[in-house]
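**Student:** Turn this into a model:
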Amino acid sequence: MEYLVTMTTHVPEGTPDKTVDDVRAREAARTRELAAQGHVLRLWRPPLAPEEWRTLGLFAAAGPADLERVLASMPLRIWRRDEVRELTIHPNDPAPLPSSPRLPQSDEARGAEFLVTFTPAVPEGTAAHDVEEATAREAERASELAKQGHLTRLWVLPAEHGVSSALGLWRADDGEEMQAILESLPLYPYVRTRTTPLSPHPGDPAAAGSRESAPAALGG
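**Tutor:** Here you go, the predicted model:
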């Protein structure tokens, strides 16, 4: 199973810098081990306020108990609060098979990454067949965008108040292109979207050279 984990760290006031550096070094080493084991799949930085220390992580585990074991094994957990969201594969998820071609590996070629949440918001009075038709066309459009390298992953989030949202990992040159891509989706008139721009994390397993990243650069 896959999980999106928001990891927010608050170092207690007065903690010696040496202690912080030591914990961060051990966190970096443990993260590399977990990535090698297939538990840490991706790491990103969301937009941060001054002095804020937060990371978004895509994790894989056999279940909630296994995920908790993984998270508890990370040294920064002593100062960290983890918010976990279980992810279910969406029918339109374009996750590549092992034999599928990979996107270019340079960050410049791949563009920036974005997480986008889609929550149903069908306007009152909309005919049911209009939504059904848009839903059918959505799968085709998602496939097109995946082939173009824009749609990387798509999941279903746990239902809240009876409403199930979708979460997508996207690539675009910038926020303007990302918005244009979203507006090209057939279901766009029937959903609310929330876009989170992502910055590279020094410990991201998908980043070239991440295994050699300086330990002190890693934060939770």
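
**Student:** From here on, just use CA atoms for contacts and neighbour counts.
**Tutor:** OK.

**Student:** So for stretch 6-23, what gets flagged as buried?
**Tutor:** By 16 or more other C-alpha atoms under 10 Å, the buried positions in stretch 6-23 come out as 6-9, 23.

**Student:** repeat for stretch 77-86
**Tutor:** Neighbour-count burial for stretch 77-86, counted by 16+ other C-alpha under 10 Å, picks out 77, 80-82, 84, 86.

**Student:** Now go through these and say which are in strands.
**Tutor:** 80-82, 84, 86 (DSSP state E).

**Student:** how far away is residue 71 from residue 148?
**Tutor:** Separation of residue 71 from residue 148 (C-alpha to C-alpha, to the nearest Å): 34 Å.

**Student:** Okay, strands next: where are they in the chain?
**Tutor:** Under the criterion DSSP E, the chain contains strands at 2-9, 40-45, 54-60, 80-89, 112-120, 151-156, 166-172, 191-200.

**Student:** tell me the angle the last one makes with strand 166-172.
**Tutor:** Counting by axes from the mean of the first three to the mean of the last three C-alpha atoms, to 10 degrees, strand 191-200 lies at 50 degrees to strand 166-172.

**Student:** could I have strand 191-200 exported to CSV, CA atoms only?
**Tutor:** Output of strand 191-200 as CSV, limited to C-alpha atoms (Å, rounded to 0.1, in the frame of the first residue of the first chain):
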residue,chain,number,x,y,z
VAL,A,191,-14.4,19.5,-9.3
ARG,A,192,-12.6,21.8,-7.0
THR,A,193,-8.9,21.7,-7.3
ARG,A,194,-6.1,22.5,-4.8
THR,A,195,-2.6,22.7,-6.2
THR,A,196,0.6,22.3,-4.1
PRO,A,197,3.8,23.2,-5.8
LEU,A,198,6.6,20.9,-4.8
SER,A,199,10.3,21.6,-4.5
PRO,A,200,13.1,19.0,-4.7
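
**Student:** Can we start the residue count at 230 from this point?
**Tutor:** With the count now opening at 230, the last piece we talked about shows up as strand 420-429.

**Student:** Output the contacting helices and strands for it.
**Tutor:** The helices and strands touching strand 420-429, judged by 3 or more C-alpha pairs under 8 Å, 6 or more residues apart in numbering; DSSP states H and E, are strand 269-274, strand 341-349.
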